[in-house]
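S.K.: A structural model of the following input is requested.
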Amino acid sequence: MKSWVLTGLSRMEMVEKPVPEIGNPGDVLIRMASIGVCGSDIHYYKTGKIGSQVVKYPFTVGHECAGIVEAVGEAVGNLKPGDRVAVDPAMPCYQCDQCRAGRYHTCRNLRFLGCPGQAEGCLSEYIVMPARSCYLLKDNLTLDQGALSEPLAIGVYAVRLSGLAEGAKIGILGTGPIGISVLLPARTMGAGRVYMTDKIDARLSLAGEMGASWTGNPDKTDIVKDIMEQEPGGLDMVFECCGQQEAADQAIRLLKPGGKLMIIGIPEFPRWSFEADDFRRKEISVQNVRRQNEVVALTLDMISGGTIRPDRMQTHTFDFDRADEAFDLVAGYRDGVMKAMINLL
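M.R.: Numbers count the residues shown, from 1 in each chain. Okay, the predicted model is just below:
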């Protein structure tokens, strides 16, 4: 089969690999159909690491995917060849203390598609996954929507974890795919005014069309001043979705006393910092968000039922043999890209 591998910083090439075999009775062989390029993939592409997770070349990245079941292990009873599935890239052990507590996303032995030292990614023609990580797609869902359910599930989980109250005034700093993935469920779950920021105007324009109440570019305006003029009491919560210290600083200034900062963005630096005076006097709460936990089925139901409409996130589509062009596009933030998808069928 054909597979794309990282071979160095900002370098990747297509290689031939054996088609993977089903090794466990609960596994399924999946023919890839749709793959999304994620910001974390770009971290590995550009810098070769995320924190302690360092790429050893060659390595295949990718974890946002959907495909068609080709074969199933003897213990699989809920899926059959020909089924279309969305893939949850997480493979927990279901045995450790975290799994027993229902925290599968922080499993002590977690394997995750496209994470160095854990599992090769999905940027290949075929992958093998546990059936428990696969979700049958309803007839009214496309394979692209199945792949989009992975980042969307992070947003759904983050909004649920935040305890969002009806009518809450929120900020979303970073209007990339994760920012939009927060916007859509936040609107569905009752958010009031939603203020969104980004340094790419095309993304801001799309966010406005998808439900943001106000958008601003911090390179062109004082977004804290502008938002506080409209919300002098401050925002109830802010979702940091770009992994930038500047955004975290803005969030503390934007939050009302007793407000909550939700950190979803993955930084390239090793340590967050907060200006102590405002942080202390406002009694700000901080909640990190680690991927998602058991909301893939809910997310797919929300898409199927029309309460979340993510299709406009997909701004660019590439054939599999042009995956390197997709990575270059996303890495360079070119052409107003929001979400680049790679199609194999």
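S.K.: strands of the stretch 51-200 of the chain, start to end?
M.R.: Counting by DSSP state E, counting those that start in this stretch, the stretch 51-200 of the chain has strands at residues 53-54, 64-72, 84-87, 90-91, 111-112, 126-130, 134-136, 170-173, 194-197.
S.K.: who wins for proximity to residue 271 among these?
M.R.: Proximity to residue 271 (Cβ to Cβ) singles out strand 53-54 among those, at 16.6 Å. From N, CA and C alone the C-beta is placed, and that goes for glycine too.
S.K.: I'd assumed residue 150 was in contact with residue 36.
M.R.: Yes: counting by Cβ atoms under 8 Å, residue 150 is a contact partner of residue 36 at 6.9 Å.
S.K.: who touches both of those two?
M.R.: Taking Cβ atoms under 8 Å, 6 or more residues apart in numbering as the criterion, residue 36 and residue 150 both touch 64, 65.
S.K.: coming back round to it: switch the strands of the stretch 51-200 of the chain over to TSV; also include mean neighbour count and distance to residue 47.
M.R.: As requested, those are arranged in TSV below (neighbours: other Cβ atoms under 10 Å; distance: least, Cβ to Cβ, whole Å):
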stretch	mean neighbour count	distance to residue 47
strand 53-54	14	10
strand 64-72	23	19
strand 84-87	25	25
strand 90-91	22	23
strand 111-112	18	18
strand 126-130	22	25
strand 134-136	21	31
strand 170-173	28	21
strand 194-197	26	24
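S.K.: of all these, which one is nearest residue 345?
M.R.: Among the strands of the stretch 51-200 of the chain, strand 64-72 sits nearest to residue 345 (Cβ to Cβ), with 7.8 Å.
S.K.: could you give the angle of the lengthiest helix in the chain to strand 64-72?
M.R.: For the chain, the helix that runs over the most residues, judged by DSSP state H, is helix 143-162. Inter-element angle recorded for helix 143-162 and strand 64-72: 120 degrees (by axes from the mean of the first three to the mean of the last three Cα atoms, to 10 degrees).
S.K.: off-centre distance for helix 143-162?
M.R.: Computed by Cα atoms, centre = their mean, to the nearest Å, the separation of helix 143-162 from the middle of its chain amounts to 7 Å.
S.K.: repeat for stretch 320-340
M.R.: In this view, stretch 320-340 has its centroid 16 Å away from the chain centroid, taken as Cα atoms, centre = their mean.
S.K.: so for stretch 13-20, mean pLDDT?
M.R.: Regarding stretch 13-20, the rounded mean pLDDT is 98.
S.K.: buried stuff in that stretch?
M.R.: Judged by neighbour count using 16 or more other Cβ atoms under 10 Å, the buried positions of stretch 13-20 are residue 20.
S.K.: start to end distance for it?
M.R.: End-to-end distance for stretch 13-20, by Cα to Cα, to the nearest Å: 19 Å.
S.K.: give me the pLDDT for residue 268.
M.R.: You'll see residue 268 listed with a pLDDT of 89.
S.K.: could you count how many residues lie near the residue lying closest to it once chain neighbours are set aside?
M.R.: Of all residues not flanking residue 268 in the chain, residue 47 sits nearest, at 6.3 Å (Cβ to Cβ, 6 or more residues apart in numbering). Neighbour count of residue 47, defined by other Cβ atoms under 10 Å: 13.
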